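Peer 1: missing the sequence, but the structure's below:
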């Protein structure tokens with residue numbers, strides 16, 4: 001039974017070997033001429049004027065999380081539409097609850113003012 005996994009194991013070993021070999025060869029043969037300009041941080045052609053570890057507003061993260069949630073909603077709704085007839089009324093109620101909870105989350109974020117960008 002383990003013999004069936006041998007091609008996959010060989011593929012992983014060869015792929016890892018090629019990746020490691022390319023990294024080592026590039027490190028050994030690549031040019032090494034660092035300068036102050038090459039080692040400096042690049043920020044749209046301007047000299048960096050602020051620390052890169054500045055804090056973001058919490059609304060940025062709320063919008064990012066909301067974007068992920070609505071992407072997941074689409075991932076669940078599209079296959080559901082394909083099997084809608086097979087699921088019947090129970091599937092309709094379940095999807096209605098799912099969309100309703102997402103809508104309540106959207107209303108909550110809206111009421112908290114996370115969608116208002118200043």
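Peer 2: Structure's in. What do you need? This is a predicted model, so every value here is computed, not measured.
Peer 1: In contact with residue 84, which residues are there?
Peer 2: 91, 92 (C-beta atoms under 8 Å, 6 or more residues apart in numbering). Heads up, the C-betas are built off the backbone N, CA and C, glycines and all.
Peer 1: Dihedrals phi and psi, it?
Peer 2: Per-residue torsions, residue 84: phi -60, psi -40 (degrees, to the nearest 10).
Peer 1: Quick check: pLDDT value at it.
Peer 2: Note for residue 84: predicted pLDDT of 80.
Peer 1: So it versus residue 99, what's the distance?
Peer 2: Residue 84 sits 13 Å away from residue 99, going by C-beta to C-beta, to the nearest Å.
Peer 1: and what of residue 24?
Peer 2: For residue 24 relative to residue 99 (C-beta to C-beta), the value is 52 Å.
Peer 1: go on, residue 77?
Peer 2: 8 Å.
Peer 1: go on, residue 88?
Peer 2: Distance of residue 88 to residue 99, computed by C-beta to C-beta: 17 Å.
Peer 1: Reduced to three states, what does residue 31 come out as?
Peer 2: coil (DSSP: H, G, I helix; E, B strand; the rest coil).
Peer 1: Ramachandran coordinates for the residue minimising distance to the centre of the chain?
Peer 2: Centroid check for the chain by C-alpha atoms, centre = their mean gives residue 68 as the closest residue, at 8.5 Å. As for residue 68, its main-chain torsions (degrees, to the nearest 10) stand at phi -60, psi -40.
Peer 1: show me the contacts for it.
Peer 2: Applying C-beta under 8 Å, 6+ apart, no residues contact residue 68.
Peer 1: again with residue 114
Peer 2: Counted by C-beta under 8 Å, 6+ apart, residue 114 has contacts 58, 59, 62, 63, 66.
Peer 1: What remains of those if I keep only buried residues?
Peer 2: 59, 66 (16 or more other C-beta atoms under 10 Å).
Peer 1: Residue 24 and residue 99: which is more packed in?
Peer 2: Shown here are residue 24 and residue 99; by other C-beta atoms under 10 Å, residue 99 has more neighbours (14 against 10).
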